[in-house]
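J.: What follows is a predicted protein model with its sequence.
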Amino acid sequence: MAYNFFYYAPTEVIFGKDTVTRVGELVKKYGGKKVLFVYGSERIRTNGLLDQIEASMKEAEIPYWLLGGVVPNPHIEKAREGMEIAKKEGIDFFIGIGGGSAIDTAKAIAYGMTDPDKDVWELYDDAVKRIPSGCYPVAAILTIAAAGSETSNSSVLTNAATGIKRSYNSELARPKFAIMDPTYTLTLPDWQTESGCADMMMHTMERYFVQGDTMEITDTIAEALLRTVIKNAKILHKDPQNYDARAEVMWAGSLAHNGLTGCGIHAGDFACHLIEHELGGLFDVTHGAGLAAIWSTWARYVYKDCLPRFVRYAIEVMQVEPGETDEETALRGIAAMEDFYKEIGMPTRIRDLGIMPTDEQCREMAKSCMVASGGKKGEAKVLYEEDVYNIYKAAL
């Protein structure tokens, strides 16, 4: 029997070529009077995207400001900088241009502006976890298919001063609209493309490897999504200019993290995300690549406790031949997943990221994981501090 669930996906999606020309119209539709665009690199200038955005905003006669320099594993300091601009200029609408880093920063600014005299990091800080009084309107112009932040309730920020990376989830920050033109992903480096594919797959798998009953329709949607990403990640590794493959993974990234693939389950696992966040905060690794580096070690650590799901994954997603036992089938599926990561240039061990945490750092990361999660984490198998430490060590 399926578990009760709450599904909320209010974001208006505008998908396809040249859709960015509608940004001014959409801001006006959702009541924006003054807009702050938040972005990372200057690539949006060189590829012509910013020119189209500015032309649309001028046509709509809506004033706007720009805040660039958002980095991967985005820093809370940039959100504070955005808040200062917003307070000074009376900005009431925030749009992230890019991937999860830019969109999450825009969300943090929008949260912060409802309580402008308080530190927005308190929403993310384990010791405080303040609840915001609201959230200003947020939207997204997607140029990197990965995090799914363009339609999700989630944001992840890093405190550069402490090296702590934390998330905050609230329906208040669901974007009003998301403009998604795969054309602007055509020039992404392969590492960024494939890291994004690993990220969106993990968002789906975190909801797939669970205990208890599930819904057949949810399972089959998740499996089809995963097969689609695997197929198109391989295509893009060889043919990065393939628009159709770019479109498939861009839409998959949104569906992977808007809650659809978690309908009817008991709870998501998200242990791999928790474990990777510590790596990202301490070593600034690319998020999707960090997840890939952790996954197979985590899988071998927990699969016996969640054997039916790993067997189904092996057959339905990785499409391996069943072994003589369920355990053999599950292990074949894990090995096939590792082979896929290697085929698209993703790491399968922490050392593949070019880092080698010390034993002390592994201990500290495991401890920090438990602080963030309240002492335990996981649905496929409940993990405690020693378990997380063992996974870090085995993944090296």
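T.: Yep, it's here.
J.: for the record, mean pLDDT for the helix or strand where Trp191 lies?
T.: In this assignment (DSSP states H and E), Trp191 forms part of helix 190-208. The average pLDDT within helix 190-208 is 98.
J.: Stretch 71-85 now?
T.: Mean per-residue pLDDT for stretch 71-85: 97.
J.: State the pLDDT value of the residue positioned nearest the centre of the chain.
T.: With distances taken as C-alpha atoms, centre = their mean, Ala147 lies nearest the centre of the chain, 2.6 Å away. Looking at Ala147, its pLDDT stands at 95.
J.: That one: what's it in contact with?
T.: 99-101, 103-104, 156, 196, 199-200, 253, 257, 287 (C-beta atoms under 8 Å, 6 or more residues apart in numbering). All C-beta spots, glycine's among them, are computed from the backbone N, C-alpha and C.
J.: ok now the helix holding Trp191, how far from the chain's centre?
T.: Mean C-alpha position of helix 190-208 versus that of the full chain (C-alpha atoms, centre = their mean, to the nearest Å) differs by 8 Å.
J.: Tell me which helix or strand comes right after it.
T.: Heading C-terminal from helix 190-208 (DSSP H and E), you reach helix 216-238.
J.: pLDDT (mean, whole number) over that following helix?
T.: Mean predicted lDDT for helix 216-238 stands at 98.
J.: Equivalent analysis for stretch 333-350, please.
T.: pLDDT averaged over stretch 333-350 gives 98.
J.: quick one: contacts of that stretch?
T.: So stretch 333-350 is in contact with 190-191, 194-195, 197-198, 230, 233-234, 237, 279, 288-289, 292-297, 299-300, 303, 310-311, 313-315, 317-318, 320, 353, 356-357, 392, 395-396, going by C-beta under 8 Å, 6+ apart.
J.: Mind giving me the PyMOL command for buried ones among those residues?
T.: In PyMOL syntax, the buried subset of the contacts of stretch 333-350 is picked out as below (16 or more other C-beta atoms under 10 Å):
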select buried, resi 194+195+197+198+230+233+234+237+279+288+289+292+293+294+295+296+297+299+300+303+310+311+313+314+315+317+318+320+353+357+392+395
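J.: and the contacts of stretch 333-350, which of them are in helices?
T.: Counting by DSSP state H, the contacts of stretch 333-350 place 190-191, 194-195, 197-198, 230, 233-234, 237, 279, 288-289, 292-297, 299-300, 310-311, 313-315, 392, 395 in helices.
J.: that older thread, so which of the contacts of Ala147 wins on neighbours?
T.: Neighbour counts for the contacts of Ala147, by other C-beta atoms under 10 Å, peak at Ile103, which reaches 35 neighbours.
J.: Just give me how far the helix or strand where that residue lies sits from the chain centre.
T.: Ile103 belongs to helix 100-112 when assigned by DSSP H and E. With C-alpha atoms, centre = their mean as the basis, helix 100-112 stands 13 Å off its chain's centre.
J.: C-alpha coordinates for that helix, PDB please?
T.: Written as PDB, here are the backbone C-alpha positions of helix 100-112 (Å, rounded to 0.1, in the frame of the first residue of the first chain):
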ATOM      1  CA  GLY A 100      21.900  25.100  -8.900                       C
ATOM      2  CA  SER A 101      24.500  27.400  -7.500                       C
ATOM      3  CA  ALA A 102      23.000  30.600  -9.000                       C
ATOM      4  CA  ILE A 103      19.400  29.600  -8.300                       C
ATOM      5  CA  ASP A 104      20.200  28.500  -4.700                       C
ATOM      6  CA  THR A 105      21.900  31.800  -4.100                       C
ATOM      7  CA  ALA A 106      18.800  33.700  -5.500                       C
ATOM      8  CA  LYS A 107      16.600  31.600  -3.200                       C
ATOM      9  CA  ALA A 108      18.800  32.500  -0.200                       C
ATOM     10  CA  ILE A 109      18.600  36.200  -1.000                       C
ATOM     11  CA  ALA A 110      14.800  36.000  -1.400                       C
ATOM     12  CA  TYR A 111      14.500  34.300   2.000                       C
ATOM     13  CA  GLY A 112      16.800  36.800   3.600                       C
END
